[in-house]
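# got a predicted model here, sequence first, then my questions.
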Amino acid sequence: MNDDQTMNDMRETLAEIDTQIGTENTQKGKIDAKTNLLGLEIKALKDFFVSFGEKPFRAIQVFKWIHQRGVDNFDAMTDLSKALREKLQQRAEIRGPESSYDQCSLDGTRKWLLKLADGNQIETVFIPETDRGTLCVSSQVGCALNCRFCSTATQGFNRNLTSHEIIGQVWFASRHLSQRITNIVMMGMGEPLLNFDAVVAAMSIMRDDNAYGLSRRRVTLSTAGVVPQLARLSLAIDVSLAVSLHAPNNVLRNELVPLNKKYPIEILMQACKDYVADDRGNPARSHRHITMEYVMLRGVNDSPKHAKELIQILKGVPSKINLIPFNPFPMSRFICSEVHVIQEFQGILMRAGFITTIRKTRGQDIAAACGQLKGQITDRTKRSERMKQLYLKEEALWTEPQQVVC
């Protein structure tokens, strides 16, 4: 697929998002007479109760039942009157996703394929450790972007997830895990900042003390760099930020992350500086670091020269760097950098004063590692079919017998 075709694909997809989601919500409103309370923030839930003559404090009671106790049956909410429970049965529901399959990795990582009401399916991953439990949450059905090293991108894009489908992943996992979720990363399928309102609403519930009560340091949003939305995010909610950088110059990043053609590195780095700036009189923000994610691709972006370029573009950006060994997937032509190359790359960055970690690969045996998530979706962009045809064409060329010239 050439660069012009890739950019045309991306432009068309981004232009269609608002229209597609508006259509989804309109259709859903026609089908569902009841309000799904799962995705309502506390203010919206209070407004819902007031709309039929109930006191706002009832919303807090129900909010806790839903998110702290994992209840989906109004009859189980014993501190509500029978009359109120009957009203709720008539007007509302608590409906989360259903599991199509549940896989466990040899290292303890757990992956669910979750079925949505429209038949699309998304993936959610839980990564257990001795001192924490991290849930990786999806924000879109497929992905509107086309990053070359990511399995989700090969599927194309269907639609944005609603707020109840996003927080529903947390709600579902909490009900099925014995270990507490201590951290949430918006690093699953999709670009979170292209589904801004629903993602912010879901993260607000994650942070609410009457729900999951996670601190800003324990909720992280990862973006490929949708610059206009970064400023909005800074004003909307206080969470940690990770940037999928993956290249130290525009020429290479244009190839790996086509969104860079719209928001090049210099613009993205200024947006990152603005994000951590103490613009709102909050001293805590001035000490924040942004995590720069950098996938290690053999012979592509892993040379000492690339490391030195990375040092230059990150000057003045409060950041720490997370090097991610590439995780292979079908139809990918990339190979992970060798261990000693990754370690050398890390050493160059650390000697320059950057905190640099190497991400431990988890769940690779069940395709649950970084960059491997791939649900089951209906692709509206037709990108998945184009990717498949391109792969088959390249495969044929590579396997074609070579003539020997004497």
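On my side now, so go ahead.
# the protein: strands as residue ranges?
For the chain, the strands identified by DSSP state E occupy 35-36, 92-93, 98-104, 110-115, 121-128, 133-136, 140-142, 157-160, 183-186, 219-223, 240-244, 290-296, 319-325, 356-358, in order along the chain.
# elements contacting the fifth one?
Contacts of strand 121-128 with other secondary structure elements, assessed using 3 or more CB pairs under 8 Å, 6 or more residues apart in numbering; DSSP states H and E, are made with strand 110-115, strand 133-136, helix 163-176. Heads up, the C-betas are built off the backbone N, CA and C, glycines and all.
# export those as a markdown table, with columns for distance to Q346.
Supplementary listing: the helices and strands packed on strand 121-128 in a markdown table, determined by distance: least, CB to CB, whole Å:
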| stretch | distance to Q346 |
| --- | --- |
| strand 110-115 | 28 |
| strand 133-136 | 22 |
| helix 163-176 | 32 |
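# distance to Q103 and mean neighbour count added to those, as TSV?
Rendered in TSV, the data for the helices and strands packed on strand 121-128 read as follows (distance: least, CB to CB, whole Å; neighbours: other CB atoms under 10 Å):
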stretch	distance to Q103	mean neighbour count
strand 110-115	5	21
strand 133-136	14	22
helix 163-176	13	23
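# for R69, find the nearest of the ones you listed.
helix 163-176 (9.5 Å; CB to CB).
# picking that back up, reformat the helices and strands packed on strand 121-128 as TSV; add mean pLDDT and distance to S99.
Putting these into TSV (pLDDT from 0 to 100; distance: least, CB to CB, whole Å) gives the following:
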stretch	mean pLDDT	distance to S99
strand 110-115	94	5
strand 133-136	97	14
helix 163-176	98	7
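# of these, which is nearest K308?
If you check each of the helices and strands packed on strand 121-128 against K308 by CB to CB, strand 133-136 wins as the nearest, at 31.5 Å.
# show me the domain layout of the chain.
Residue ranges for each domain of the chain read 3-28+96-386, 34-93, as given by automatic domain parsing.
# distance from the first one to the middle of the chain?
By that I understand domain 3-28+96-386. Remark: domain 3-28+96-386 is offset 4 Å from the chain centroid, using CA atoms, centre = their mean, to the nearest Å.
# against H164, how distant is the nearest residue to G142 once chain neighbours are set aside?
The shortest distance from G142 to any non-neighbouring residue, by CB to CB, 6 or more residues apart in numbering, is to F157 (4.2 Å). Here F157 is placed at a distance of 20 Å from H164 (CB to CB, to the nearest Å).
# likewise L214?
Using CB to CB, which is the criterion applied here, L214 is 18 Å from H164.
# likewise for A173?
15 Å.
# also G190?
G190 sits 16 Å away from H164, going by CB to CB.
# S215 - how many residues pack around it?
Residues lying near S215 (other CB atoms under 10 Å) number 12.
# so what's it up against?
Counting by CB atoms under 8 Å, 6 or more residues apart in numbering, S215 touches R207.
# just the mean pLDDT for stretch 343-353, thanks.
Averaged over stretch 343-353, pLDDT sits at 98.
# which residues does it contact?
When contacts are taken as CB under 8 Å, 6+ apart, the neighbours of stretch 343-353 outside the stretch itself are 296, 302, 304, 306-308, 310-311, 321, 323, 337, 356-358.
# which PyMOL command selects the buried ones in those residues?
Filtering these down to the buried ones (16 or more other CB atoms under 10 Å) takes a single PyMOL command:
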select buried, resi 296+302+306+307+310+311+321+323+337+356+358
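# want to try TSV for the contacts of stretch 343-353, with distance to E86 and pLDDT as columns?
Supplementary listing: those in TSV, determined by distance: CB to CB, whole Å; pLDDT from 0 to 100:
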residue	distance to E86	pLDDT
M296	58	97
D302	63	97
P304	69	98
H306	64	98
A307	64	98
K308	68	98
L310	61	98
I311	64	98
I321	56	98
L323	56	97
S337	61	96
T356	58	98
T357	53	97
I358	56	96
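# that older thread, and among the strands of the chain, the most buried is which?
With neighbours defined as mean count of other CB atoms under 10 Å, the strands of the chain peak in mean count at strand 140-142, which reaches a mean of 29.
# what strands flank that strand, and is each parallel or antiparallel?
According to DSSP bridges, strand 140-142 has the following sheet partners: strand 157-160 (antiparallel).
# perfect, that will be all.
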